[in-house]
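Peer 1: got a structure for you, letters missing:
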């Protein structure tokens, strides 16, 4: 049986930024990319800072290596999330006591290895995330199989045979990036990053105009056979412009539906709350009204869905049509797997996402989870570049499915 012979850790670069969203809400001055002033949320060195990661390598005694990258999401520290990961703080812990526990361990199965992360030691979720990636990759290497095949086998799932629709993301303030998603024929698009009322307009008029523009652009340049889903991440701003009133939010969503037509519409976090309970109840009330009126829009929950227990609760209470299963927040990929299964049991859709901070290594591991569990949609990663993220995601998926089919 193959064993772990070394655990290596090194400080690396994630693919985007950490942003102190609490400080940003105050409207600090900016100078190009840089945001001036001091951060408010603990763990930030600046309001908007370049994200880094901790690279983990599990070296096996047969010479193969399992890779994982430990990191956090962009808006760390908000909505009950952990503070941004400091790789310098955790490098000696991973290379020291954690390595001491793992060296000599047999690589017989992913879930057995990952169970070593679930012993109540209180690891930062980003550390458990990266270590579990490396454990999954090491198991796949030892078994000479893909990570998706390992997961399908260990969770008693059918062999992966189908591609997962890909969600391409960009900043709506960059029209060329939207064009790149259209040219790349993303299955859903564009995210947009509508983080403030200023970006959608005091009455939401800017967002309606943007959706109308994008829908027309798709019809003009992509042909009649391309009908992507319009997926807007609005960070609770619809609730803000409607004073939290579900009826007014539904009326506004009708405007977005009309603007997107004939394309299908999804809206992520249209309303939020001061805490998890308030946010969940606001979303539940909105969805009940949408469903009663049979409006053609799907609502996605992200904020406050940080653990598999959170996700199970949101799914059971009908507080979303789909849930953003945000891999770095959940820690070990076993938690991601269990969260997906909870959504399936409740009849709620699964958006297997993550963060633009994801690296090529963490993005690849997350994609294999999406393939194995048949997610409804998967975020194109790594980074914020539409061309590269779409290509890397689709190429890895095509290779994985072709290899699996050949066995």
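Peer 2: Alright, I've got the coordinates. Nothing here was measured: the structure is a model prediction, and the numbers come from that model.

Peer 1: which strand is the longest one in this protein?
Peer 2: Assignment by DSSP state E gives strand 4-19 as the longest strand of the chain.

Peer 1: same for it, what does it pack against?
Peer 2: For strand 4-19, the elements it packs on are strand 48-60, helix 87-93, helix 99-102, judged by 3 or more CB pairs under 8 Å, 6 or more residues apart in numbering; DSSP states H and E. Just so you know, the C-beta spots here come from the backbone N, C-alpha and C atoms, and that holds for glycine as well.

Peer 1: per-domain residue ranges of this protein.
Peer 2: 4-154, 166-406 (automatic domain parsing).

Peer 1: gap between stretch 142-154 and the chain center?
Peer 2: Offset of stretch 142-154 from its chain centre (CA atoms, centre = their mean, to the nearest Å): 22 Å.

Peer 1: Kindly report the same for stretch 107-120.
Peer 2: That offset, for stretch 107-120, works out to 23 Å (CA atoms, centre = their mean).

Peer 1: which one is residue 338 nearest to, not counting chain neighbours?
Peer 2: Once flanking residues are discounted, residue 338 sits nearest to residue 308: 4.7 Å by CB to CB, 6 or more residues apart in numbering.

Peer 1: The one you found contacts residue 329, doesn't it?
Peer 2: No - under the criterion of CB atoms under 8 Å, residue 308 makes no contact with residue 329, lying 10.2 Å away.

Peer 1: about what we covered before: arrange the helices and strands packed on strand 4-19 in TSV, one row each, with distance to residue 251 as further columns.
Peer 2: Formatted as TSV, those follow (distance: least, CB to CB, whole Å):
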stretch	distance to residue 251
strand 48-60	35
helix 87-93	46
helix 99-102	55
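
Peer 1: Point out the most buried one among the ones you listed.
Peer 2: With neighbours defined as mean count of other CB atoms under 10 Å, the helices and strands packed on strand 4-19 peak in mean count at strand 48-60, which reaches a mean of 21.

Peer 1: Contacts for the following helix or strand past that one next, please.
Peer 2: Under the assignment DSSP states H and E, the closest C-terminal helix or strand after strand 48-60 is strand 65-70. Counting by CB atoms under 8 Å, 6 or more residues apart in numbering, strand 65-70 makes contact with 12, 14, 53-60, 85, 87, 90, 94, 124, 126-127, 129-141, 358-359, 361-362, 365, all of which sit outside it.

Peer 1: quick one, what contacts the nearest residue to residue 18 once chain neighbours are set aside?
Peer 2: Sequence neighbours aside, residue 84 is the residue nearest to residue 18 in space, at 4.4 Å (criterion: CB to CB, 6+ apart). By CB under 8 Å, 6+ apart, the contact list for residue 84 reads 18, 43-44, 51, 72, 76-77.

Peer 1: Please enumerate the strands of the stretch 251-400 of the chain.
Peer 2: Along the stretch 251-400 of the chain, counting by DSSP state E, counting those that start in this stretch, strands occupy 265-268, 297-301, 322-325, 349-352, 377-379.

Peer 1: Need the domains of the chain in TSV (columns: mean pLDDT and distance to residue 160).
Peer 2: Below are these laid out as TSV (pLDDT from 0 to 100; distance: least, CB to CB, whole Å):
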stretch	mean pLDDT	distance to residue 160
domain 4-154	94	5
domain 166-406	96	5
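
Peer 1: Same question for stretch 19-29: list its buried residues.
Peer 2: By 16 or more other CB atoms under 10 Å, the buried positions in stretch 19-29 come out as 19-21, 23-24, 28.

Peer 1: let me fix that: stretch 168-180
Peer 2: 168-172, 177-180.

Peer 1: wait, which of those is closest to residue 202?
Peer 2: residue 172 (17.1 Å; CB to CB).

Peer 1: And the residue lying closest to residue 50 once chain neighbours are set aside, how close does it get to residue 35?
Peer 2: Distance criterion CB to CB, 6+ apart; nearest residue to residue 50, sequence neighbours excluded, is residue 17 at 5.9 Å. Distance, residue 17 to residue 35, using CB to CB, to the nearest Å: 10 Å.

Peer 1: Find the residues that touch each one of these two.
Peer 2: Applying CB under 8 Å, 6+ apart, one finds that residue 17 and residue 35 are jointly contacted by residue 48.

Peer 1: May I have the residues that are in contact with the closest residue to residue 297 other than its chain neighbours?
Peer 2: Leaving aside its chain neighbours, residue 297 sits nearest to residue 265 (4.7 Å; criterion: CB to CB, 6+ apart). Listed by CB under 8 Å, 6+ apart, the contact partners of residue 265 are 229-230, 232, 253, 256-257, 296-298.

Peer 1: and the strands of the stretch 251-400 of the chain as a markdown table, adding distance to residue 371?
Peer 2: Shown next, in a markdown table, are the strands of the stretch 251-400 of the chain (distance: least, CB to CB, whole Å):
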| stretch | distance to residue 371 |
| --- | --- |
| strand 265-268 | 21 |
| strand 297-301 | 20 |
| strand 322-325 | 14 |
| strand 349-352 | 9 |
| strand 377-379 | 8 |
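
Peer 1: Quick one, which of these gets closest to residue 399.
Peer 2: Closest of the strands of the stretch 251-400 of the chain to residue 399 is strand 377-379, at 15.1 Å (criterion: CB to CB).

Peer 1: So what are the sheet partners of that closest one and their directions?
Peer 2: Sheet partners assigned to strand 377-379 using DSSP bridges are listed as strand 166-167 (parallel), strand 349-352 (parallel).

Peer 1: Mind putting the ones you listed into JSON lines with mean neighbour count?
Peer 2: Output for those, formatted as JSON lines (neighbours: other CB atoms under 10 Å):
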{"stretch": "strand 166-167", "mean neighbour count": "26"}
{"stretch": "strand 349-352", "mean neighbour count": "24"}
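
Peer 1: Residue 282: which of those is closest?
Peer 2: strand 349-352 (19.3 Å).

Peer 1: For residue 228, give me phi and psi.
Peer 2: Dihedral pair for residue 228: phi -70, psi 170, per degrees, to the nearest 10.

Peer 1: And it, how far from residue 266?
Peer 2: In terms of CB to CB, residue 228 sits 11 Å off from residue 266.

Peer 1: Next, the buried residues of the longest helix along the chain.
Peer 2: Longest helix in the chain by number of residues, with DSSP state H as the criterion: helix 386-406. Across helix 386-406, burial judged by 16+ other CB under 10 Å covers 386, 388-390, 392-394, 396-397, 400-401, 404.
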